[in-house]
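Enquirer: Give me coordinates for this.
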Amino acid sequence: MSPEEFRLAGHELIDWIADYRQRIPDLPVRAQVQPGEVRRALPDEPPQSIDSFATVLADLERTIVPGVTQVQHPMHFGWFPSNASLASVLGDIACSGMGTLGISWESCPALTELEEVVCDWLRQLTGLSDQWHGTIHDTASTACVVALILARERASQFSKNGPGLQGLPAPLVVYSTAQAHSSIAKAVQVAGLGNDNLRMIAEDPDTRAMLPAALQEAITQDLHNGRTPAAIVCSVGATGTTAMDPVQAIADIANEHGIWLHVDAAMAGSAMLLPECRHLWAGVEQADSIAWNPHKWMGTILDTALFYVKDVEHLERVMSTNPAYLRSTADGEVTQYRDWGIPLGRRFRALKLWFHLRLDGLEAIQTRLRRDLDNARWLQNQVEQTEGWQVVAPVSLQTVCVRHTPRTKNGSPLTGDELDRYTLGWVEAINASGAAFLSPSVLDERWMVRVSIGVEGTTREHVEQLWALMRHASSTQSISL
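Expert: Numbers count the residues shown, from 1 in each chain. Alright, predicted model coming up:
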């Protein structure tokens with residue numbers, strides 16, 4: 001494809017994207033396809049001849065769009081806000097179109113230096129001190145792997161340079177809670193620490209936050225048994241319930257024992273753009289690493305996750321490689337981001353943040369976040385005032401965890417497995433309809449429903465529509481009880 005052919009096709013694609021974004025509210029929220037349906041609609045053999053762009057665009061519309069769950073839909077309340085602001089989409093297009101190679105400063109000085117700048121902008125905008133230095137990962141999951149590798153090497157005196165974990169006299173232990181994101185357990189596995197050495201610390205039964213006393217007790221017990229406490233993963237906005245672990249109290253314990261403290265604020269980090277929310281991670285300055293995702297609630301398109309550390313020297317000592325073919329005269333004077341993470345090559349992700357912040361602006365982002373917080377409080381009030389409905393976890397930010405408990409024909413409340421089947425039944429009725437999307441989750445061994453408010457286009461009217469759908473679906477489901 002020549003630049004001129006690209007120009008023509010690009011204009012068509014931009015028009016298609018703009019039209020697509022405008023009609024998302026008219027599409028079903030959940031993909032209305034069966035397993036294997038999209039695959040069966042695609043040819044078994046690779047193309048042998050060139051197709052016209054019009055043909056490709058038609059296939060995109062006919063085959064791909066029906067298989068997309070519309071996370072940009074204003075009635076999407078599942079998982080977490082996965083916004084992709086159009087301003088950041090332009091940055092993503094620029095990133096792809098420039099075709100840069102990010103393997104060293106020399107391969108693209110602008111990539112490195114813009115990443116330094118935008119990471120520092122976000123540091124300032126979230127109220128962090130200048131002792132923090134950031135980079136952009138694909139997701140917070142990858143950032144957590146790096147954090148645990150850093151913790152592993154500090155606790156093991158750089159075992160990677162010798163026999164590795166196999167040569168250690170005692171196992172290394174990581175502490176978190178059952179509320180933490182599933183990526184924590186995966187990171188423990190990938191970092192070679194092993195599931196047996198992951199401690200799930202008890203939570204406050206009301207707030208679902210980690211109990212510092214229980215953490216201290218677990219560390220003391222492991223030390224007594226000859227194990228080495230290596231890392232604590234503290235959740236600021238845990239996935240299931242948006243629980244807020246007490247960072248300050250946990251940091252005090254971590255510092256007492258010399259344990260690496262990683263703060264996972266993947267979704268909730270966006271809230272720190274609001275000064276009134278920063279008390280939720282009070283004590284964060286005592287942590288060793290932080291991760292949060294602008295590609296969630298803030299709205300910069302995937303994949304844009306921020307990872308901050310204070311000890312850059314330790315980070316580079318653990319992660320660096322220095323092959324001869326990448327050496328340059330600039331070494332020692334510049335940041336080499338290949339030494340800050342796992343991959344060698346990296347995309348020009350900083351452009352997405354640069355475009356987003358410059359074209360949408362902080363004020364508009366903050367206004368939207370405050371709107372979502374207000375809408376979550378509105379829904380919380382509706383649930384609490386309606387018989388049979390219950391908010392089952394504190395509403396710290398924009399996620400409202402609810403459960404409806406109907407009464408059976410004999411007048412007793414539904415319980416146990418029957419309540420689980422009922423909950424999953426009315427949620428699936430909403431999701432299958434395409435009118436909205438919710439994601440159920442387990443809390444206290446029973447299913448509940450998470451309402452995650454934060455899509456860019458979601459207004460109070462959409463939250464009101466969802467509440468009406470929830471009451472209708474639950475009442476229809478309860479008729480058969």
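Enquirer: any idea of the pLDDT on the residue of the chain most remote from its centre?
Expert: Largest separation from the mean C-alpha position in the chain: residue 410, at 43.9 Å (Cα atoms, centre = their mean). What the model reports for residue 410 is a pLDDT of 85.
Enquirer: Check residue 31 too.
Expert: Predicted confidence (pLDDT) for residue 31: 96.
Enquirer: Can you get me a residue count around the closest residue to it other than its chain neighbours?
Expert: Distances taken as Cβ to Cβ, 6 or more residues apart in numbering put residue 69 closest to residue 31, at 4.7 Å, once the chain neighbours are dropped. To be clear about C-beta, it is placed using only N, CA and C from the backbone, and glycine gets the same treatment. Residue 69: 18 surrounding residues under other Cβ atoms under 10 Å.
Enquirer: And for residue 16?
Expert: Quick note: residue 16 (other Cβ under 10 Å) scores 13 neighbours.
Enquirer: thinking again about what came up before, give me every residue that touches the residue nearest to residue 31.
Expert: 29, 30, 31, 76, 437 (Cβ atoms under 8 Å, 6 or more residues apart in numbering).
Enquirer: what's the farthest-apart pair in those residues?
Expert: 31 and 76 (11.7 Å; Cβ to Cβ).
Enquirer: ok, these two, which is more surrounded?
Expert: Applying other Cβ under 10 Å to residue 31 and residue 76 shows that residue 76 carries more neighbours, namely 27 against 17.
Enquirer: Hmm, the more buried one is touching residue 27, no?
Expert: No - the pair residue 76 / residue 27 is not scored as a contact, 10.7 Å apart, by Cβ atoms under 8 Å.
Enquirer: tell me, what's touching these two both at once?
Expert: residue 70.
Enquirer: that older thread, the residue nearest to residue 31 and residue 457, how far apart?
Expert: According to Cβ to Cβ, to the nearest Å, residue 69 stands 15 Å off from residue 457.
Enquirer: ok, now residue 181?
Expert: 26 Å.
Enquirer: out of these two, which sits in the more crowded spot?
Expert: residue 181 (21 against 15).
Enquirer: domain assignment for this protein?
Expert: As assigned by automatic domain parsing, the chain contains the domains 3-68, 93-359, 362-478.
Enquirer: Am I right that residue 308 is in a strand?
Expert: Yes - judged by DSSP: H, G, I helix; E, B strand; the rest coil, residue 308 forms part of a strand.
Enquirer: So in terms of bridging, what pairs with it?
Expert: residue 134, residue 290 (DSSP bridges).
Enquirer: Model confidence for it, exactly?
Expert: Value for residue 308, per-residue pLDDT: 98.
Enquirer: For this structure, which segments count as strands?
Expert: Under the criterion DSSP state E, the chain contains strands at 133-137, 172-176, 198-200, 228-235, 260-264, 289-292, 305-309, 389-391, 399-404, 439-443, 446-452.
Enquirer: so which of these gets nearest residue 330?
Expert: With Cβ to Cβ as the yardstick, what comes closest out of the strands of the chain is strand 133-137 (17.7 Å).
Enquirer: Report the contact partners of the closest residue to residue 81 other than its chain neighbours.
Expert: Once flanking residues are discounted, residue 81 sits nearest to residue 454: 3.1 Å by Cβ to Cβ, 6+ apart. Contacts here follow Cβ under 8 Å, 6+ apart; on that basis residue 454 touches 80, 81, 83, 296, 297, 369, 372, 398.
Enquirer: Lovely, talk soon.
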